[in-house]
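Enquirer: Okay, sequence plus prediction incoming.
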Amino acid sequence: MSGPTEAAPAQSAGDSPAPPPPRPAAPEPEFTVLGVRARRHAALPTLEFDVHVSEPTGRTVHFIALSAQVMIEPARRRYEPADHARLVELFGAPERWATTTRSLVWTITSVLVPSFTGSTTFQIPIDCSYDLEVSAPKYFHGLSSGEAPLAFNFNGTVYYRGEDGRLQMSLVPWSATTDFRMPVAAWKDLIEHYYPQSAWVGMSADTLAALQREKARRGSHTFDSLLRELLDERS
């Protein structure tokens, strides 16, 4: 016959219950901008940024509803003397640029990042305006060469499968930011492709109507020729 079975020691009244097992960590995606290229055939001039996303916890991400705020960080580069005259309207006199070259919002855009485990690469398209009354194109147009320092600030919602197979959600962490130095030539080549030897400026409807009347009175063939005539008369 076998001996009596030893009873497990009773839990004393002062013992705390065992803590629950740790909950599996939610995905925490990390982003890096790899490069940029022009979309040559589109309704609007568009730059596509290749972005790498990784998920270090190893969870499978179903998809990410991602928002990206793209900032221009003009204080993060040096400027050639040739840039000063073109950027003075944006930042004021060059001797004040230490305090006036503040961050500029380029755009805020949204994309869907497809399902991945570990990492994947996706694209963020940005439509590019050539309206020189807007800060971002005015800045890019004013650079003679080099790179434009950008900051990508990400937020949004991560959708993933929990341990029980159910779809769950978590927020993209506030720390999800990355820097990228965009070659100025990428923007300039794109604009030249869509608007060869051209430039755009905004004006009020009243100013446009006055120019149309003057154009008709003088018999000028184009607004460009009219403005050249007016400038020649002032010189």
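Expert: Alright, I've got the coordinates.

Enquirer: CA only for contacts and neighbour counts going forward, please
Expert: Fine.

Enquirer: the bottom helix or strand of the protein by mean pLDDT?
Expert: helix 223-234 (a mean of 81; mean pLDDT, DSSP states H and E).

Enquirer: Alpha carbons of that helix, as PDB, please.
Expert: Taking C-alpha atoms only, helix 223-234 is exported to PDB below (Å, rounded to 0.1, in the frame of the first residue of the first chain):
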ATOM      1  CA  PHE A 223       0.100  87.900 -68.900                       C
ATOM      2  CA  ASP A 224       3.800  87.100 -68.900                       C
ATOM      3  CA  SER A 225       4.500  89.600 -71.700                       C
ATOM      4  CA  LEU A 226       2.200  92.200 -70.100                       C
ATOM      5  CA  LEU A 227       4.100  92.000 -66.800                       C
ATOM      6  CA  ARG A 228       7.400  92.200 -68.600                       C
ATOM      7  CA  GLU A 229       6.200  95.400 -70.300                       C
ATOM      8  CA  LEU A 230       5.100  96.900 -67.000                       C
ATOM      9  CA  LEU A 231       8.500  96.000 -65.300                       C
ATOM     10  CA  ASP A 232      10.400  97.500 -68.200                       C
ATOM     11  CA  GLU A 233       8.500 100.700 -67.900                       C
ATOM     12  CA  ARG A 234       9.500 100.900 -64.200                       C
END
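
Enquirer: Work out the gap between stretch 147-155 and the centre of the chain.
Expert: Computed by Cα atoms, centre = their mean, to the nearest Å, the chain-centroid distance of stretch 147-155 equals 5 Å.

Enquirer: I'd like the numbering to begin with 26 instead of 1 from here.
Expert: In the new numbering, first residue 26, that becomes stretch 172-180.

Enquirer: domain parsing for this protein?
Expert: The chain breaks down by automatic domain parsing into domains covering 55-227, 232-260.

Enquirer: Next, format the ones you listed as TSV and append mean neighbour count.
Expert: Shown next, in TSV, are the domains of the chain (neighbours: other Cα atoms under 10 Å):
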stretch	mean neighbour count
domain 55-227	16
domain 232-260	12
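
Enquirer: What lies in contact with the least confident helix or strand of the chain?
Expert: L236, K240, S245 (Cα atoms under 8 Å, 6 or more residues apart in numbering).

Enquirer: Report the inter-axis angle for the biggest helix by length in the chain versus helix 248-259.
Expert: Criterion DSSP state H: the longest helix present in the chain is helix 230-243. Interaxial angle of helix 230-243 relative to helix 248-259 (axes from the mean of the first three to the mean of the last three Cα atoms, to 10 degrees): 80 degrees.

Enquirer: returning to what we had before: rebuild the contacts of helix 248-259 as TSV, extending it with distance to F116 and pLDDT.
Expert: Formatted as TSV, the contacts of helix 248-259 follow (distance: Cα to Cα, whole Å; pLDDT from 0 to 100):
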residue	distance to F116	pLDDT
L236	30	81
K240	34	82
S245	36	80
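
Enquirer: Mind listing the residues bridging to the spatially most central residue of the chain?
Expert: In the chain, the C-alpha nearest the mean C-alpha coordinate belongs to V95, at 2.8 Å (Cα atoms, centre = their mean). With DSSP bridges applied, V95 shows beta-bridge pairing to T132, F177.

Enquirer: Now do the helices in the chain.
Expert: Under DSSP H, the chain gives helices at 106-116, 122-125, 160-167, 209-219, 230-243, 248-259.

Enquirer: can you list the residues that contact the longest one?
Expert: Right, helix 230-243. By Cα under 8 Å, 6+ apart, the list of residues contacting helix 230-243 from outside reads H246, T247, F248, L251.
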